[in-house]
Structure formats: structure tokens, C-alpha cells
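Peer 1: Dropping the sequence and predicted coords here.
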Amino acid sequence: MQFLDILSNLPTIETERLLLRKITLNDASDMFEYGSDPQVSEYTTWSTHTSIEDTKYFIKSLLKMYKKRELVDWGIIHKAEKKFIGTCGYVGWSMTHSRAEMGYALSRKYWSQGYMSEAVNAMMEFGFREMMLNRIQAKCKINNIASARVMEKVGMQLEGILRQQLFVKDQYWDLKIYSILRDDFFADRPD
């Protein structure tokens with residue numbers, strides 16, 4: 001698969017309980033449901049959605065990114081409920097260095113049930129197998145315990161603290177940085 005094909009033809013990935021697929025405007029009401037929750041957006045770089053129009057505007061920007069073959073999120077679908085419950089994706093990709101950074105967000109109703117770890121594992125498998133990555137990293141605000149737990153649960157290692165790495169929502173954020181290498185990921189899995 002060509003690298004640009006990966007971005008323009010983002011494949012649907014199925015896990016035990018989830019589908020990761022392209023986001024559409026039909027997902028707006030489900031996305032607004034969690035995007036308007038201040039607890040969900042507390043640790044994100046995006047602001048809480050105040051109207052369904054905010055959500056539709058965001059989705060339209062994602063649709064443009066799909067067309068331009070840019071890095072863009074998968075929508076996370078709860079298979080049993082047929083409900084859009086979050087997003088995950090790569091937010092940075094260096095082909096030269098075979099590394100990428102991922103990000104994610106999940107509806108509060110689905111927190112602490114292993115859904116995000118399941119989605120992140122599928123994303124990492126795709127990254128190592130299809131994108132030919134050697135390293136995947138992710139960052140979280142230093143006090144975002146739930147996100148740090150997801151990264152640890154999927155086998156990522158804490159590398160350190162990036163002091164005042166981002167200026168978001170009128171303040172500097174210290175970030176934890178985690179990573180996993182291809183060899184670490186496949187150590188207990190068939191290659």
C-alpha cells in the first residue's frame with residue numbers, strides 16, 4: 001500500500017467490540033454528545049463544543065483532510081450499540097524517521113471499560129504493519145491519569161516530562177511523553 005493511499009483510503013479496522021472507520025457528517029450528533037462535555041475536553045487541545053454547528057464545522061475540516069491525504073482521525077464505533085463514541089488517530093508522522101504520534105478522545109460514558117486501549121492497540125498494529133513505523137509516541141497533560149493509564153496498559157513506556165510544552169487554554173501545559181517501539185510491540189505477538 002502506498003503511503004498516501006493509507007491517508008486517502010483510511011481503512012476500517014475491526015476489533016472485538018469496536019470499528020475504527022472514517023468519520024462522516026452523520027456522526028455529528030454522537031460527537032457533539034461527548035464534544036460538549038467539559039470533562040471530555042478538559043485535557044484536549046480543542047475547546048468544548050458549544051453547539052452542533054461547532055461539531056459539524058470540525059467534521060467538515062476532517063473531511064477536507066481526508067481529501068487532501070492528510071493525517072486524520074478514525075471514528076470509534078461501539079459495534080453492539082452502533083454508536084460513535086470517540087476518535088483516535090495519528091497527529092504526526094515522520095516517514096523519514098519511521099515514527100508517528102497518536103491522539104484520542106472518548107465519550108465519558110465509555111471511560112474505564114477498556115475501549116480506548118482496544119482502539120489504541122488496533123491503531124498501533126496498523127501503524128507498525130501498514131505504515132511501517134518503528135516508533136509510536138503519545139503525550140498527555142501531566143495530571144491526565146486516565147490517558148497515562150491507557151498508554152501504560154498498551155505497553156508504552158514513560159520517557160519523561162516535557163515542561164511547559166504547550167500553551168493551551170491560556171496556560172502552559174507540562175506533558176508526559178510515552179512511546180513504544182516495533183520490537184516491544186511484537187515481542188509477545190506473532191509478526
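Peer 2: Yep, that arrived.
Peer 1: per-residue confidence at Pro11?
Peer 2: As predicted, Pro11 sits at a pLDDT of 89.
Peer 1: Setting aside sequence neighbours, what's the nearest residue to Thr12?
Peer 2: Of all residues not flanking Thr12 in the chain, Arg21 sits nearest, at 4.3 Å (Cβ to Cβ, 6 or more residues apart in numbering). (Glycine included, C-beta is placed from N, CA and C.)
Peer 1: Backbone dihedrals for that neighbour, please?
Peer 2: phi -150, psi 170 (degrees, to the nearest 10).
Peer 1: show me where this structure has strands.
Peer 2: Taking DSSP state E, the strands of the chain run over residues 13-14, 18-21, 74-78, 83-94, 99-106, 135-141, 157-168, 171-181.
Peer 1: Hmm, Lys82 and the residue nearest to Thr12 touching each other?
Peer 2: No - Arg21 is beyond contact range of Lys82, at 11.9 Å (criterion: Cβ atoms under 8 Å).
Peer 1: more neighbours, these two?
Peer 2: Counted by other Cβ atoms under 10 Å, Arg21 and Lys82 do not tie: Arg21 has more neighbours, with 17 against 8.
Peer 1: Not counting sequence-adjacent ones, nearest residue to Met156?
Peer 2: Tyr178 (3.9 Å).
Peer 1: The one you found: how many residues sit nearby?
Peer 2: With other Cβ under 10 Å as criterion, Tyr178 counts 22.
Peer 1: what do you get for the one 5 residues further on?
Peer 2: Burial of Asp183, expressed as a neighbour count using other Cβ under 10 Å, amounts to 10.
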